[in-house]
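> Next input, structure requested:
(4 chains)
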2 protein chains.
Amino acid sequence: MSVPDLPTMCAALSDPTRWEILTRLGQGAMSASALARVLPVSRQAIGKHLEVLREVGLVESEQRGREVVYLVVGARLSSLARELDRIGRSWETRLLRIKQLAEQPDQDPPPRP
Amino acid sequence: MSVPDLPTMCAALSDPTRWEILTRLGQGAMSASALARVLPVSRQAIGKHLEVLREVGLVESEQRGREVVYLVVGARLSSLARELDRIGRSWETRLLRIKQLAEQPDQDPPPRP
DNA sequence: TCGATGTGCAACTAGACGATTGCACATCAC
DNA sequence: GTGATGTGCAATCGTCTAGTTGCACATCGA
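Here you go, the predicted structure:
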């Protein structure tokens, strides 16, 4: 499975129920049925959410007897965070440079295209 | 305007067209019409995307003559990244602790609730 | 002044998405 | 064995959303 792009990763994190699921899994591995018992949605809905999270690598599944338990992958979220931070910083520095150029317009005028 | 929650922030970042818009704005301020000229969607669609991005604080608008130009707010993305990283790390450490407990089960048994 | 350009608002459409119910099948415990 | 529990797949439904077109109005430049 390849690394999902940023919009896909963010789409997986754009649903409150999925955050609820991730938070529960952050406490320890759980099955879809166990999650459905503590969350106000059906097991099938939970299953679909888990599939979305699994596709982007935010959770992993593990067969335990007849149960399938899911574990959250914290490193995945951290790597996404690093990427977002890198982009945000590049925007900040770019904006800063533009502002600095605006403050000294006669020092080094940009070439006319 | 209050700080949007994580799912709302991620929802704003879950659309490829919005990432395209943010990337363009990362190069410098642009108006909705200017964006519509370089992107394969209508100006109205661009306007809706900009409204979504403005609501979560990822862009700011500025009246320049008859135009309304938009600027990307890199700091907003960076703060989101910090929050995601904090959560991801907490999941990682929790998982690590569970694994360590599993390796030495007779050393310090957890109290029964 | 007048055309070109930019913006705002409204109505509409097609598709994605979250959630449900129902059923079939596997597996564990007594 | 038998009931209870867990999983998988399919069909369905209502809502949200990204996109469109159309029109009215404001503003800039020649």
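> which secondary structure elements does the helix or strand of chain A with the lowest mean pLDDT contact?
Within chain A, no helix or strand scores below helix A:74-103, which has a mean of 88 by mean pLDDT, DSSP states H and E. Applying 3 or more C-beta pairs under 8 Å, 6 or more residues apart in numbering or on different chains; DSSP states H and E, one finds that helix A:74-103 makes contact with helix A:6-12, helix B:16-27, strand B:67-72, helix B:74-103. C-beta coordinates here come from the backbone N, C-alpha and C atoms, glycine included.
> go again using 6 Å as the cut-off
helix B:74-103 (3 or more C-beta pairs under 6 Å, 6 or more residues apart in numbering or on different chains; DSSP states H and E).
> which element is the residue lying closest to A:Arg43 once chain neighbours are set aside on?
Distance criterion C-beta to C-beta, 6 or more residues apart in numbering or on different chains; nearest residue to A:Arg43, sequence neighbours excluded, is A:Ala36 at 3.9 Å. In the assignment (DSSP states H and E), A:Ala36 maps to helix A:32-38.
> just A:His49 next, same as before
Under the criterion of DSSP H and E, A:His49 resides in helix A:43-55.
> Would you mind getting the angle between that helix and strand A:67-72?
If you take axes from the mean of the first three to the mean of the last three C-alpha atoms, to 10 degrees, helix A:43-55 sits at 50 degrees to strand A:67-72.
> List the buried residues in the next helix or strand after helix A:43-55.
Next in sequence after helix A:43-55, counting helices and strands by DSSP H and E, comes strand A:59-64. Neighbour-count burial for strand A:59-64, counted by 16 or more other C-beta atoms under 10 Å in any protein chain shown, picks out A:Val59, A:Ser61.
> Now do strand A:59-64 against strand A:67-72, angle only.
Going by the same axes, to 10 degrees, strand A:59-64 makes 150 degrees with strand A:67-72.
> what ranges of chain A fall below the confidence cut-off?
A:1, A:102-113 (pLDDT under 70).
> Around chain B, which positions in it sit nearby?
A:7, A:10-11, A:13-14, A:16, A:19, A:26, A:72, A:74, A:77-78, A:81, A:84-85, A:88, A:91-92 (C-beta under 6 Å from any C-beta of the partner chain).
> and with 7 Å instead?
Selection of chain A residues close to chain B by C-beta under 7 Å from any C-beta of the partner chain yields A:6-7, A:10-11, A:13-16, A:19, A:26, A:28, A:72, A:74-75, A:77-78, A:80-81, A:84-85, A:87-92, A:94-95, A:98.
> of those residues, list those near DNA strand C.
A:Ala11, A:Ser14, A:Asp15 (C-beta under 7 Å from any atom of the strand).
> ok, back up a step: which residues touch the helix holding A:Ala36?
With contact meaning C-beta atoms under 7 Å, 6 or more residues apart in numbering or on different chains, helix A:32-38 is reached by A:Ile21, A:Arg24, A:Ser42, A:Arg43, A:Ile46, A:Gly47, A:Leu50, A:Val68.
> contacting residues around A:Gly26?
Counting by C-beta under 7 Å, 6+ apart, A:Gly26 has contacts A:Val72, B:Ser90, B:Trp91, B:Arg94.
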